[in-house]
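In: need a structure here:
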Amino acid sequence: MEKPSKDPLHGKRLDTILEELLDYYDGFEELGKQINIRCFNEKPSINSSLKFLRKTDWARAKVESLYLYVLRQKKKNN
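Out: Residues are numbered from 1 along each chain as shown. All right, here's what the predicted structure looks like:
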């Protein structure tokens, strides 16, 4: 029997991560303040952001890092 992964990103889809961040930060405007990348600040959309994040490793790493931070904050506040 395999042990469940302790990695909070394991099995998480990028679109789910982005939607959760958008919900937590109430949209692209606040998310763009947290991570200053063009796909969040200029004509943002989920589809264009996902396309950029899938191609750009450094941006995806920033999004995943922020997501882990948000998970810790949620856990801390509950």
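
In: Checking Leu71 next. Helix, strand or coil?
Out: The local conformation at Leu71, judged by DSSP: H, G, I helix; E, B strand; the rest coil, is helix.

In: What pLDDT does the model give it?
Out: In this model, Leu71 is scored at 94, pLDDT.

In: Equivalent analysis for Glu2, please.
Out: 67.

In: how about the strands of this structure, start to end?
Out: Using DSSP state E, the chain contains no strands.

In: ok, Ile37 to Ser65 distance?
Out: Computed as C-beta to C-beta, to the nearest Å, the Ile37 to Ser65 distance reads 13 Å. Where C-beta positions appear, they are placed from N, C-alpha and C, glycine not excepted.

In: Compare the two and say which is more crowded by neighbours.
Out: More neighbours surround Ile37 than the other of Ile37 and Ser65, with 18 against 11 (other C-beta atoms under 10 Å).

In: contacting residues around the closest residue to the more buried one other than its chain neighbours?
Out: Closest residue in space to Ile37, ignoring its immediate chain neighbours: Ala59 at 5.4 Å, by C-beta to C-beta, 6 or more residues apart in numbering. Contact analysis of Ala59 by C-beta atoms under 8 Å, 6 or more residues apart in numbering lists Ile35, Ile37, Cys39, Phe52, Leu53.

In: most surrounded residue in those?
Out: The contacts of Ala59, ranked by neighbours (other C-beta under 10 Å): first place Leu53, 22 neighbours.

In: now that one: how far from Arg13?
Out: 12 Å.

In: Gln34 too?
Out: Taken as C-beta to C-beta, the span from Gln34 to Arg13 is 20 Å.
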